[in-house]
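Colleague: Predicted model and sequence follow; I will ask about them next.
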Amino acid sequence: MASQTKPVLHGYFRSSCSWRVRIAFALKGIEYDQVPVNLIKDGGQQLTEQYQKLNPMQQVPAVEIDGITLSQSLAVIQYIDETRPGPRLLPADPKKRAQVRMISDVIASGIQPLQNLYVIQKIGAEKMQWAHHFIDRGFQALEPILKQTAGKYCVGDEISMADICLVPQVYNAQRFKVDVEQYPTIKRLNQTLVEIEAFKVTNPSCQPDTPADLRA
Ligand SMILES: N[C@@H](CCC(=O)N[C@@H](CS)C(=O)NCC(=O)O)C(=O)O
């Protein structure tokens, strides 16, 4: 049962996983509060004992919603979808739903964890090349998958969790200088999606914790 209290998103403006949740809230028209967790400042506020109580994985996002605390952006998105009205984020058709989950998993399990901050900090001097390699490798797999599944959006013509995962991952790819031109389907989908209001208002460039020099 959805409570009247606004959900609270503990996140970071530039975290792709936090951005996924912001997009889901925006697509559903759900008001929420944001509590910034700066992943860089003070050695990383996600590593504090206090934050660890919210998410033992010491990562953002963590979401307080309906009396529970959830981490893992895909679990949050699916919970929102199952408990709130508004456009479906996972299609009713089982085949399309499986395709949405497949694409979301390629990104959320097969790409993002390999370029996550904690991992690349461990890599050290080679971190740019490392992240570039794994995003590029992931996109080489994602491009033919999307070629098969995409219509206007990642799976057919309805926006879904797959689109929610794609846009923040393309943003990360650009940060790590991956040439998105090599991936025409990914590029086309991203160009379409970034023009949609729910993706625009949740962009890292305009969040409460976006530093002045990165604001657009
Ligand atoms: N599977 C998790 C991954 C969460 C995650 O990797 N979060 C990143 C930011 S996108 C993070 O908090 N990194 C902090 C760190 O690596 O120390 C999810 O989907 O929520």
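Modeller: Cool, the structure landed.
Colleague: give the contact list for Ile120.
Modeller: If you count contacts by C-beta atoms under 8 Å, 6 or more residues apart in numbering, Ile120 has them with Lys127, Trp130, Ala131. Using the backbone N, CA and C atoms, a C-beta is placed for each residue, glycine as well.
Colleague: Would you write out the ChimeraX command that picks the buried residues out of those residues?
Modeller: The following ChimeraX line selects those of those that are buried, judged by 16 or more other C-beta atoms under 10 Å:
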select :127,130,131
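Colleague: Kindly report the residues of this protein close to the ligand.
Modeller: Residues of the chain lying near the ligand by C-beta under 6 Å from any ligand atom: 15-17, 39, 44, 46, 59-61, 71-74, 108, 116-118.
Colleague: Convert the C-alpha atoms of stretch 77-86 to CSV, please.
Modeller: What follows is stretch 77-86, C-alpha atoms only, in CSV (Å, rounded to 0.1, in the frame of the first residue of the first chain):
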residue,chain,number,x,y,z
ILE,A,77,12.0,0.9,-10.0
GLN,A,78,10.1,-2.3,-10.0
TYR,A,79,8.6,-1.5,-6.6
ILE,A,80,7.5,1.9,-7.8
ASP,A,81,6.0,0.3,-10.9
GLU,A,82,4.1,-2.3,-8.9
THR,A,83,2.7,0.2,-6.4
ARG,A,84,2.1,3.4,-8.3
PRO,A,85,-0.3,4.4,-11.1
GLY,A,86,1.0,6.0,-14.2
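Colleague: Contacts for it, please.
Modeller: Stretch 77-86 is contacted from outside by 1-2, 20-21, 24-25, 27-30, 65-66, 70, 88-90, 161, 164, using C-beta under 8 Å, 6+ apart.
Colleague: Reformat the contacts of Ile120 as JSON lines; add pLDDT, distance to Lys177 and secondary structure.
Modeller: Converted to JSON lines, those look like this (pLDDT from 0 to 100; distance: C-beta to C-beta, whole Å; DSSP: H, G, I helix; E, B strand; the rest coil):
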{"residue": "Lys127", "pLDDT": "96", "distance to Lys177": "12", "secondary structure": "helix"}
{"residue": "Trp130", "pLDDT": "97", "distance to Lys177": "13", "secondary structure": "helix"}
{"residue": "Ala131", "pLDDT": "97", "distance to Lys177": "9", "secondary structure": "helix"}
